[in-house]
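Undergrad: How does the following fold in three dimensions:
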Amino acid sequence: MRGHHVYVIDTLNVPVRVGRSQVAEPSQPLPEVEAIVPRIGTSITFYGLAVVRQYETKGIVTTATSSAIARSRDKLHSLQIMGSSGLPIPNTTVVSDPADIWNAINIAGGLPVIIKVIRGTQGRGVFLATEMHTVESIFHSLRRVKEQMLIQEFITEARGTDIRVIVVGNRCVASMKRTAAEGEFRSNLHRGGTAMPIKLDPDTRILASRAAQVHGLGVAGVDLLLSDRGPLLLEVNSSPGLEGIENTTSEDVATEIIRYVEWEEKKQKHQFRQKRKRRKN
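TA: Numbers count the residues shown, from 1 in each chain. So this is what the prediction gives:
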């Protein structure tokens, strides 16, 4: 692509060892590259972060650092980051004690509520609960598998739709409106949802870009809901799928990512030359 040689590194095929530093790192040499574009599934986060971390120690340009990926993968931490940065998010409470369930539902504005596990993707680990006994049942099921639960307000006025924005280098390069399939509340395309291109207003573009920035991500998929009080940030994905949004919007997102990597790599080289020049002087 654009004259570059591309290597695909299967992180599961890279043996990981733990040295005296107690930090997991690949136990064999990785390909010599000038930049990386991490595409790491949630099930292999541990191995993927080890490989990204190893490249980071060499100063290799990356669209997402290991710490940025880890922040976005933890739904609670991600919401805390956005909330503390003053960005609008749905009312959300983490619940670890059954005695806190009713209070969390009240904070969310009452039933129905959305229940999420701390880690999940493509709509997995997300539930809609309309009755108290359903909330309690999900809570105890998650507790048995040692998963924490988030209780989040249900935005009725969104009517089963959300917005997915791809942010590349602080620019919104593609956006689509997703609508859930009949009888489904999750709008993910993997769950039968449909999509159409949407033009964002300037404020929403700034909001999506800011969400990627506070996570430290050069490339991100940002999900928003349109509520009566304005757009609300739902989630930030460090490895967003491209096929669905490229087919929907006809935008070449992959090329935008490569252009961003090229720019970052040139900027890094320029900064390195400037530092050498200052040392000589």
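Undergrad: now the strands for the stretch 51-200 of the chain?
TA: Counting by DSSP state E, counting those that start in this stretch, one finds strands in the stretch 51-200 of the chain at the ranges 61-62, 92-95, 113-117, 126-129, 149-153, 161-168, 171-179, 194-197.
Undergrad: The helix or strand harbouring H270 versus strand 171-179: what angle between them?
TA: Per DSSP states H and E: H270 is located in helix 253-280. For helix 253-280 against strand 171-179, the angle by axes from the mean of the first three to the mean of the last three Cα atoms, to 10 degrees is 150 degrees.
Undergrad: so which of the strands of the stretch 51-200 of the chain gets nearest I245?
TA: For the strands of the stretch 51-200 of the chain, the distance to I245 is smallest for strand 171-179, at 5.1 Å, taking Cβ to Cβ. Backbone N, C-alpha and C define where each C-beta goes, glycine included.
Undergrad: Okay, now the sheet partners of the closest one, with direction.
TA: Strand 171-179 has the following sheet partners, assigned by DSSP bridges: strand 161-168 (antiparallel), strand 194-197 (antiparallel).
Undergrad: That one: which residues count as buried?
TA: C172, V173, A174, S175, M176, K177, R178 (16 or more other Cβ atoms under 10 Å).
Undergrad: where does the stretch 51-200 of the chain have low pLDDT?
TA: For the stretch 51-200 of the chain, applying pLDDT under 70 flags the ranges 119-124, 187, 190.
Undergrad: quick one, phi psi at the spatially most central residue of the chain?
TA: In the chain, the C-alpha nearest the mean C-alpha coordinate belongs to N237, at 1.5 Å (Cα atoms, centre = their mean). In terms of degrees, to the nearest 10, the main-chain angles of N237 are phi -110, psi 130.
Undergrad: how far away is the closest residue to it other than its chain neighbours from V236?
TA: Spatial nearest neighbour of N237, excluding adjacent residues (Cβ to Cβ, 6 or more residues apart in numbering): G221 at 3.9 Å. Distance from G221 to V236, counting by Cβ to Cβ, to the nearest Å: 7 Å.
Undergrad: between the two, which one's more packed in?
TA: The neighbour count for G221 versus V236, taken as other Cβ atoms under 10 Å, is higher for V236 (27 against 23).
Undergrad: element containing the more buried one, please.
TA: strand 230-237.
Undergrad: between that strand and strand 113-117, how many degrees?
TA: 20 degrees.
Undergrad: Strand 230-237 pairs with which strands, and in what direction?
TA: Counting by DSSP bridges, strand 230-237 is paired with strand 219-227 (antiparallel).
Undergrad: Just the buried positions in the partner strand, please.
TA: By neighbour count on 16+ other Cβ under 10 Å, the buried set for strand 219-227 is V219, A220, G221, V222, D223, L224, L225, L226.
Undergrad: Identify the bridge partners of the residue nearest to N237.
TA: I166, N237.
Undergrad: Touching, it and R164? I think so.
TA: Yes - counting by Cβ atoms under 8 Å, G221 does reach R164; the two are 6.0 Å apart.
Undergrad: Common neighbours of these two, please.
TA: P240 (Cβ atoms under 8 Å, 6 or more residues apart in numbering).
Undergrad: For S85, which non-adjacent residue is closest in space?
TA: V214 (4.6 Å).
Undergrad: which SSE is the one you found in?
TA: helix 202-215.
Undergrad: Restricting to C-alpha, output that helix in CSV.
TA: Extracted C-alpha coordinates of helix 202-215, given in CSV (Å, rounded to 0.1, in the frame of the first residue of the first chain):
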residue,chain,number,x,y,z
PRO,A,202,-18.9,20.6,14.0
ASP,A,203,-19.5,20.1,17.7
THR,A,204,-20.0,16.3,17.3
ARG,A,205,-16.8,16.1,15.2
ILE,A,206,-14.9,17.9,17.9
LEU,A,207,-16.4,15.7,20.6
ALA,A,208,-15.4,12.4,18.8
SER,A,209,-11.9,13.8,18.1
ARG,A,210,-11.5,14.8,21.8
ALA,A,211,-12.6,11.3,22.9
ALA,A,212,-9.8,9.8,20.9
GLN,A,213,-7.3,12.4,22.2
VAL,A,214,-8.0,11.8,25.9
HIS,A,215,-7.4,8.1,25.4
